[in-house]
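[1] 3D model of this:
(chains A, B, C and D)
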There are 2 protein chains.
Amino acid sequence: MASLHSIGDAAKQSGCTVQTIRYYERVGLIASPVRTSGNQRIYDADAVSHLAFIRHARALGFGLDAIRDLLGLSATPDRDCAQIDAIARTHLDAVRERISHLRALETELTRMIEACKNQTVSECRIVQVLSDHGMCASEH
Amino acid sequence: MASLHSIGDAAKQSGCTVQTIRYYERVGLIASPVRTSGNQRIYDADAVSHLAFIRHARALGFGLDAIRDLLGLSATPDRDCAQIDAIARTHLDAVRERISHLRALETELTRMIEACKNQTVSECRIVQVLSDHGMCASEH
DNA sequence: TGTGATACCTGTAGTCACTATAGCTTCAAG
DNA sequence: CTTGAAGCTATAGTGACTACAGGTATCACA
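    Predicted structure coming up:
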């Protein structure tokens, strides 16, 4: 007794939205499911698992390209998982880079805001910093 | 003797690219400059200052809507700068939220990667975590 | 069997802040 | 006068959705 689901059901089970599931199909992240005689999509348990997998990976910030690779690699359970590891490590590096970029911004913003003693606009440290030629925040 | 600049000049002076300057004009972030008889844009020193201001604000992560407001507020030098302060603080809050979100991801990813002892895919902790129903990373 | 509510379908456009391309015109130096 | 750089417009692409318009299918209930 295979459990079959409408797209609404699959959405509830996986945590994706209905539109997002259709989007994943359109960009080839999941296979096109079979349809009813009335043209409505039907998902089996495997498809729902895939959707939950995607949802979890998205929650961890993986991009769809990385997820495509992860899904492909998960399909071969006997191979070693070095490639999966590599994808995860690459993503972790990217996350760390974004954190350090944001922390630099935080420092800069904090300094600027604290320097502003709430005077007139022309004396405002924030305006001055933004107008100054000497400013050089981190690029990229 | 007003110093006048071609778009390429203005780009070099401000740090924006030529295309980006045209884009800012299109979305109404800067005023449309006057043109030469040959239809080429001419920027005065004020316009170049505005572009540099925008560039600095973008480097600090402000969105274009916030920058539009900041530019408007900077134009009235005698008012008090409370609104400018508020925009900066709002942005700082957003930056801090993004940092804490990314830090949660970092923790989760690190835990996952360390748990993986480089075995087969079917034993891979990363695949298991992503497949697990029990996972609940932070939303939004 | 009719009716109405809900869920489903496709296709398109909008988000953000650019970036890149194609195909053209203008300008400045030699 | 020629050549190459720089300028012009208009359009499409990025990532990962989200929202809408306008239509069809399904199901519970009367």
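[2] List the residues that contact whichever residue of chain A sits closest to DNA strand C.
    Taking C-beta to the nearest atom of the strand, DNA strand C has its nearest neighbour within chain A at residue A:8, 2.4 Å off. Heads up, the C-betas are built off the backbone N, CA and C, glycines and all. Residue A:8 is in contact with residue A:18, counting by C-beta atoms under 8 Å, 6 or more residues apart in numbering or on different chains.
[3] Report the buried residues of whatever helix or strand it lives in.
    According to DSSP states H and E, residue A:8 maps onto helix A:7-14. Buried residues in helix A:7-14, counted by 16 or more other C-beta atoms under 10 Å in any protein chain shown: A:7, A:10, A:11, A:13, A:14.
[4] could those residues go into TSV alongside pLDDT and distance to chain B?
    TSV is the format used below for the buried residues of helix A:7-14 (pLDDT from 0 to 100; distance: C-beta to the nearest C-beta, whole Å):
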residue	pLDDT	distance to chain B
A:7	97	19
A:10	96	14
A:11	96	15
A:13	94	9
A:14	95	10
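[5] Let's have these in CSV, adding distance to residue B:34.
    Shown next, in CSV, are the buried residues of helix A:7-14 (distance: C-beta to C-beta, whole Å):
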residue, distance to residue B:34
A:7, 56
A:10, 58
A:11, 54
A:13, 61
A:14, 56
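[6] which of these lies closest to DNA strand D?
    Taking C-beta to the nearest atom of the strand as the measure, DNA strand D sits nearest to residue A:11 out of these, at 10.4 Å.
[7] Could I get the contacting residues of the closest one?
    Applying C-beta under 8 Å, 6+ apart, we find residue A:11 in contact with A:17, A:18, A:20, A:21.
[8] repeat for residue A:122
    Contacts of residue A:122 by C-beta under 8 Å, 6+ apart are B:77, B:78.
[9] So it lies in a helix, does it not?
    Yes - assigned with DSSP: H, G, I helix; E, B strand; the rest coil, residue A:122 falls within a helix.
[10] So what's the gap between stretch A:55-66 and the chain middle?
    Here stretch A:55-66 is found 5 Å from its chain centre; the criterion is C-alpha atoms, centre = their mean, to the nearest Å.
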